[in-house]
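# Predicted model, plus sequence, below.
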Amino acid sequence: MHYFSSTLDACPSKFFQLPSAKGFAACGVSGKNCVTLGPVCEKRPSCKALVGISEWTAGQSTCNPMPDGDAIQSNAYQHQACKMFDNGGYQGLSRKWDSEWISAGGIPPGSAWAGFNFKTKQIVTSYELQASICCNGDVDRSPTQWVVEAQEDDAAQWVQISAENGQSWSLGKKQNYTINNPGSYKAYRIRGLARSDRNFEQWAAMQFFSGCPS
């Protein structure tokens, strides 16, 4: 299924841009009223979110047991990594950062990380990250460079399967990324390598997907 975007530089969500297909002209039968169309977009195949929604109650620093495995982290300030998977649990909170993961203070870039350890091996083909929805200053805690690392089992070494650099963030911004070298692994983590804030690392939300274009 193809879709012609109404803008020149973007496809709507659930669609991806076909390479080398851009700038088509659509005209009426008389050759008048021509319009310039944007990129040709194709509907994405069904992408499956692999981590179920976490549940927690106000004032609770961690979450109830999760059905698909466990959120994992290098460390945390007060807000555990499971909060990233609560599907917008910040709504209605006066302190929206209660619904986000924040690393322990004073952890330099490269040493803080968060992710998910599944009960069974999964093939992750893409993932989504969201910057803090709380406060403008917290956006500086979102890494601009990171690696995605995976682990075959709980005793295995972490291996790099993807990386991003030169990323920018704004309040509440979500971004999706494709895994460079997908495979079957039990655990996945995002380890930040560079960020503006030197004390904390922070994500509002994280999700891993399978079945998306790789």
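Structure received. For clarity, every value in this text was computed on a predicted model and none was experimentally measured.
# So what sits opposite the residue nearest the centre of the chain in the bridge?
The chain has Glu128 as the residue nearest its centroid, 1.7 Å off, counting by Cα atoms, centre = their mean. Beta-bridge pairing for Glu128 (DSSP bridges): Asn176, Gln207.
# so it makes contact with Lys173?
No - applying Cβ atoms under 8 Å as the test, Glu128 and Lys173 come out as separate, 11.0 Å apart. Any C-beta I mention is one placed from the backbone N, CA and C, and that applies to glycine too.
# Show the contacting residues for the residue nearest to the centre of the chain.
The neighbours of Glu128, taking Cβ atoms under 8 Å, 6 or more residues apart in numbering as the test, are Lys174, Gln175, Asn176, Tyr177, Ala205, Met206, Gln207, Phe209.
# Looking at those, spot the one nearest Glu100.
When those are ranked by distance to Glu100 (Cβ to Cβ), Ala205 comes first, at 7.8 Å.
# thinking again about what came up before, ok, of the contacts of Glu128, which come out buried?
Tyr177, Ala205, Met206, Gln207, Phe209 (16 or more other Cβ atoms under 10 Å).
# Excluding chain neighbours, what is closest to Tyr77?
Ile102 (4.2 Å; Cβ to Cβ, 6 or more residues apart in numbering).
# Check the gap between the one you found and Trp146 for me.
Distance, Ile102 to Trp146, by Cβ to Cβ, to the nearest Å: 16 Å.
# Kindly report the same for Leu171.
Leu171 is 19 Å from Trp146, by Cβ to Cβ.
# Any regions of the protein where pLDDT drops low?
Applying pLDDT under 70 to the chain flags the ranges 1-46, 58-59, 88-97, 213-214.
# Helices of that one, start to end?
Remark: no helices are assigned in the chain by DSSP state H.
# re the thing from before, Leu171 and Trp146 - which one has more neighbours?
Trp146 (25 against 14; other Cβ atoms under 10 Å).
# No more questions from me, cheers.
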